[in-house]
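*Asks:* Need a 3D model of the following:
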Amino acid sequence: RKIFWMILLIIGFLFGLMVSLLSGTRGGWIAIPFALLIIYRGLSTSFCWRNVALGLSALFLAGLFAYLQPALGVKDRVDSAVHQVGAYYSSGEVATSVGARLEMWRGALIIGQENPVYGVGDGGYQERKLQLIEQGELDGFIEQFGHLHNEYLERFVKFGVVGLLALLVLYFVPLRLFLSFFNHSSSSVRGYASAGAVLCVCYIDFSLTQSFFAHNSGVMVFAFMLVIVWTMLAHSVRKV
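*Replies:* Okay, the predicted model is just below:
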């Protein structure tokens with residue numbers, strides 16, 4: 001039933017892209033071309049950069065089409081992000097999604113320099129943040145946020161370079177292991193390896209604008225999907 005499953009998977013794939021667009025999560029949109037490149041590299045038996053260029057061109061046109069469709073909300077989200085960045089740097093506007101993130105990241109770099117090796121801990125960060133707000137160094141709008149909406153800065157400011165390196169190991173070691181199966185002769189093995197690599201790359205991308213491991217959902221999805229996909233990959237390898 002190859003044709004049936006192929007059609008079903010393509011429909012699921014397209015619906016996944018549509019859900020990402022309708023969700024309005026701009027950080028997720030950035031991951032789409034990287035995820036598609038990994039899927040192509042992992043599943044293709046004749047990788048060609050010409051096809052990559054054609055695919056990126058098609059993706060660009062699809063993105064442009066989505067941008068021009070008001071019903072999808074893509075244009076509003078993109079224009080809003082551009083406006084918020086400009087407002088933050090031109091007038092110091094912090095009370096926006098992007099402005100709050102930029103202000104928190106600026107504060108994290110200030111606090112992180114005080115103990116760059118081991119960090120200041122969660123309590124130390126919250127206390128120092130309040131001090132900087134009282135001193136007028138940071139805007140009071142960010143007081144309400146318990147995490148930094150950036151996993152890398154979250155690890156650095158609270159756990160220092162040690163914590164940041166641990167996070168990078170958590171992301172890139174599994175990614176490297178999945179990538180090592182991309183040249184395997186079995187399409188099933190390459191399929192599971194591609195799924196695992198996409199999981200890692202998406203988390204690497206999502207962590208730029210969200211502290212995923214500050215939420216139970218972020219921890220559970222990464223941990224369980226990593227175990228599930230690796231188990232299926234290992235089982236597929238043994239069957240070959």
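*Asks:* contacting residues around stretch 141-148?
*Replies:* Residues outside stretch 141-148 that contact it (C-beta atoms under 8 Å, 6 or more residues apart in numbering): 94-95, 100, 103-105, 107-108, 126, 129-130, 133, 154, 157, 211, 214. The way it works is simple: take the backbone N, C-alpha and C, and place the C-beta from them, glycine included.
*Asks:* Can I get the buried ones among these as something I can paste into ChimeraX?
*Replies:* In ChimeraX, this line selects whichever of those come out buried by 16 or more other C-beta atoms under 10 Å:
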select :94,100,103,104,105,107,108,129,133,154,157,211
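*Asks:* show me the contacts for the most centrally placed residue in the chain.
*Replies:* Nearest to the mean C-alpha position of the chain, counting by C-alpha atoms, centre = their mean, stands Phe206 at 1.8 Å. For Phe206, the contact set (C-beta under 8 Å, 6+ apart) comprises Gly27, Gly28, Ala31, Glu151, Phe212.
*Asks:* Relative to Leu14, which of those is nearest.
*Replies:* Distance to Leu14, by C-beta to C-beta, is smallest for Gly28 among the contacts of Phe206, at 15.7 Å.
*Asks:* Phi, psi for the closest one please.
*Replies:* The phi/psi pair for Gly28 (degrees, to the nearest 10) reads phi -70, psi -30.
*Asks:* Now whichever helix in the chain runs longest: buried residues?
*Replies:* Secondary structure of the chain per DSSP state H: the longest helix is helix 151-179. By 16+ other C-beta under 10 Å, the buried positions in helix 151-179 come out as 151-160, 163-164, 167, 170-171, 174-175, 178-179.
*Asks:* Same check on stretch 113-121?
*Replies:* Those would be Asn115, Gly119, Val120, for stretch 113-121 by 16+ other C-beta under 10 Å.
*Asks:* Report the distance from that stretch to the chain centre.
*Replies:* 25 Å (C-alpha atoms, centre = their mean, to the nearest Å).
*Asks:* And stretch 220-227, by the same measure?
*Replies:* Distance, centroid of stretch 220-227 to centroid of chain: 15 Å (C-alpha atoms, centre = their mean).
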